[in-house]
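**Q** let's see this in three dimensions:
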Amino acid sequence: MASVAKRKRTKVVNSPDEGQNCQRVTVGSTYFTKASGSDEKKDVTPAKLSKVTLGTTLTSDNVVQGGGDVVERLTADFYNQSTVNLAKALLGQKLVHRLSSGKRVAGIIVETEAYCGLVDKAAHSYNGKRTARTEAMFMKPGTAYVYSIYGLYCCMNISSQGEGCAVLLRAIEPVEGKDQMRQLRTNSAKSPTKPLKEHQLGNGPSKICMALGIKKEEVNRLDLTVSKDVWLEKGDNSQPIVISKRINISYGEDWVDKPLRFYLLDNKCVSVRDKEAENLLRKL
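**A** Below is the predicted model:
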């Protein structure tokens with residue numbers, strides 16, 4: 001997956017819709033959405049969208065053991081939100097995989113991309129494309145969508161509200177089982193490589209799957225709210241969020257420059273930084 005060396009400055013771009021039957025309205029550098037036929041507008045500027053309330057509660061269904069501590073597992077209510085909001089809400093949450101050995105490997109999600117379903121020309125489900133491969137994108141929010149690329153690697157997404165909508169996980173910060181993650185990355189390498197630094201273990205979509213041992217045949221279509229193998233635990237979602245365009249979607253036509261990539265400011269594990277967007281955020 002090639003990185004983008006230089007980004008073109010885009011002064012103003014429309015924000016993604018938060019749901020069906022919405023119109024996009026741009027006023028200056030502020031993004032708004034409004035329901036069709038309504039004059040009511042909702043401010044969804046980057047500053048307003050940088051914090052999300054999780055609203056989950058502790059029950060016997062969402063409490064799991066983590067590293068000797070009782071931690072909160074994210075429930076169906078968390079995933080049941082628009083693609084853009086879920087992409088932001090996932091930042092700071094912990095992605096956990098319990099390996100066949102019983103050991104946990106986990107990382108904090110630090111970068112995501114939103115794929116907005118049938119209207120999104122960069123989404124696998126664009127124009128209603130529903131196949132065996134994309135079926136998970138049409139399943140209940142909180143379903144894992146794992147697909148293979150180049151026949152060699154896998155990428156993990158999580159379904160959200162909206163038909164064919166899902167969030168791509170782009171990068172994680174390793175926090176549990178780092179030695180195991182390093183070994184998994186080594187085992188996945190096609191040829192001998194130099195020892196990886198910690199921030200390199202999961203700084204890319206396919207690297208996440210390699211580091212956490214996530215395989216399409218085992219994880220695709222799993223319900224993350226009940227799975228005993230892969231799930232998410234509540235983390236810190238209060239850090240500043242950088243908003244930028246998505247990576248490697250040149251085929252997306254007029255969706256190429258839409259601000260649908262989100263990452264934690266100043267996190268070393270992010271796959272590709274957008275310094276211009278970071279500077280704009282710091283000025284807010």
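**Q** alpha carbons only for contacts and neighbour counts from here, please
**A** Fine.
**Q** count the neighbours of the residue nearest to V175 when sequence neighbours are not counted for me.
**A** Nearest residue to V175 in three dimensions, chain neighbours excluded: G107, at 5.1 Å (CA to CA, 6 or more residues apart in numbering). G107: 26 surrounding residues under other CA atoms under 10 Å.
**Q** any idea how far whatever helix or strand V175 lives in is from the middle of the chain?
**A** Remark: V175 resides in strand 165-176, with elements defined by DSSP states H and E. Here strand 165-176 is found 5 Å from its chain centre; the criterion is CA atoms, centre = their mean, to the nearest Å.
**Q** what about that strand, average pLDDT?
**A** On average, the pLDDT along strand 165-176 is 98.
**Q** and stretch 77-95, by the same measure?
**A** In this model, stretch 77-95 carries a mean pLDDT of 98.
**Q** next: stretch 137-156.
**A** 95.
**Q** in that stretch, what counts as buried?
**A** 137-147, 153-156 (16 or more other CA atoms under 10 Å).
**Q** and stretch 197-206, by the same measure?
**A** Applying 16+ other CA under 10 Å to stretch 197-206 flags E198, H199, Q200, L201, G202, N203, G204, P205, S206 as buried.
**Q** same list (those residues) but as CSV, adding secondary structure, distance to I247 and pLDDT.
**A** Shown next, in CSV, are the buried residues of stretch 197-206 (DSSP: H, G, I helix; E, B strand; the rest coil; distance: CA to CA, whole Å; pLDDT from 0 to 100):
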residue, secondary structure, distance to I247, pLDDT
E198, helix, 22, 97
H199, helix, 19, 97
Q200, helix, 18, 97
L201, coil, 19, 98
G202, coil, 16, 98
N203, coil, 13, 98
G204, coil, 11, 98
P205, helix, 11, 98
S206, helix, 13, 97
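**Q** closest one of the residues you listed to R73?
**A** Relative to R73, the closest of these is G202; by CA to CA it sits at 21.5 Å.
**Q** residues touching that closest one, list them.
**A** Residues in contact with G202, defined by CA atoms under 8 Å, 6 or more residues apart in numbering, are A171, I172, E173, P174, I208, C209, M210, A211, C269.
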